[in-house]
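> Have a look at this fold, sequence not included:
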């Protein structure tokens, strides 16, 4: 297994910490005027999703985590688990609600996601950066209100609620940025 020194730490690096796979979220190198340099690191535990802050002395090492990111197709949800399939091998995996986090509000059938696996078990699911979803419910835009640039809440086919411009109507397809949950544009499909 590879080991990583503090000078190799960067956001996104997958390491083992206290027997659990973790991903470095943020790394800050600090060189005080007096004393030894150190790294202040924010780390997300891939099992629990918790973010902790740790300090490592310069030259400390961490073992690399045997974590694999695979593109998989979302099939369906049975209420308790979300089921995914590898398009190449047709292997199916189930992810629990804790692994889904915010991804569940953006997924509809046949969507391709990145599933993070550790020892063959799914740890987390990342939806595509942008998804196209249909609006199922929203208030009608009142004529004359469109010049103000206001927004209104809209419920999407997956149940997610996003703010959309006043001119957007029910049954329209819109493009959403899943990282921020923000409306991007009307979709052309």
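Cool, the structure landed. Being a predicted model, the structure only gives us computed values, none of them experimental. Numbers count the residues shown, from 1 in each chain.

> Can you list the buried residues in stretch 52-65?
By neighbour count on 16 or more other C-beta atoms under 10 Å, the buried set for stretch 52-65 is 56, 62, 64, 65. All C-beta spots, glycine's among them, are computed from the backbone N, C-alpha and C.

> For it, which outside residues touch it?
If you take C-beta atoms under 8 Å, 6 or more residues apart in numbering as the criterion, stretch 52-65 is touched by 1-7, 9, 13-17, 21-22, 36-43, 45-46, 118.

> Relative to the whole chain's centre, how far out is the helix or strand bottoming out on mean pLDDT in the chain?
Each helix and strand of the chain was given a mean pLDDT (mean pLDDT, DSSP states H and E); the minimum falls on helix 97-100 at a mean of 76. Here helix 97-100 is found 11 Å from its chain centre; the criterion is C-alpha atoms, centre = their mean, to the nearest Å.

> May I see the buried residues of it?
Buried-residue list, helix 97-100, by 16+ other C-beta under 10 Å: 99, 100.

> and the next element down the chain from that helix?
Note on helix 97-100: by DSSP states H and E, the next helix or strand toward the C-terminus is strand 112-118.

> In terms of secondary structure, what does the next helix or strand after that next one contact?
Remark: after strand 112-118, the chain's next helix or strand is strand 121-126, criterion DSSP H and E. Taking 3 or more C-beta pairs under 8 Å, 6 or more residues apart in numbering; DSSP states H and E as contact, the helices and strands that strand 121-126 lies on are strand 81-85, strand 92-96, helix 97-100, strand 112-118.

> buried stuff in the very next helix or strand once past strand 121-126?
Of the helices and strands lying after strand 121-126 in sequence (DSSP H and E), the nearest is strand 130-138. Buried residues in strand 130-138, counted by 16+ other C-beta under 10 Å: 131, 132, 133, 135, 138.

> Please give me every residue in contact with the third one.
Residues counted as contacts of residue 133 (C-beta under 8 Å, 6+ apart) are 106, 108, 156, 157, 158, 160, 173, 174, 176.

> how near is the residue nearest the centre of the chain to residue 30?
When C-alpha atoms, centre = their mean is applied to the chain, the residue found nearest the centroid is residue 126 (4.1 Å). Here residue 126 is placed at a distance of 30 Å from residue 30 (C-beta to C-beta, to the nearest Å).
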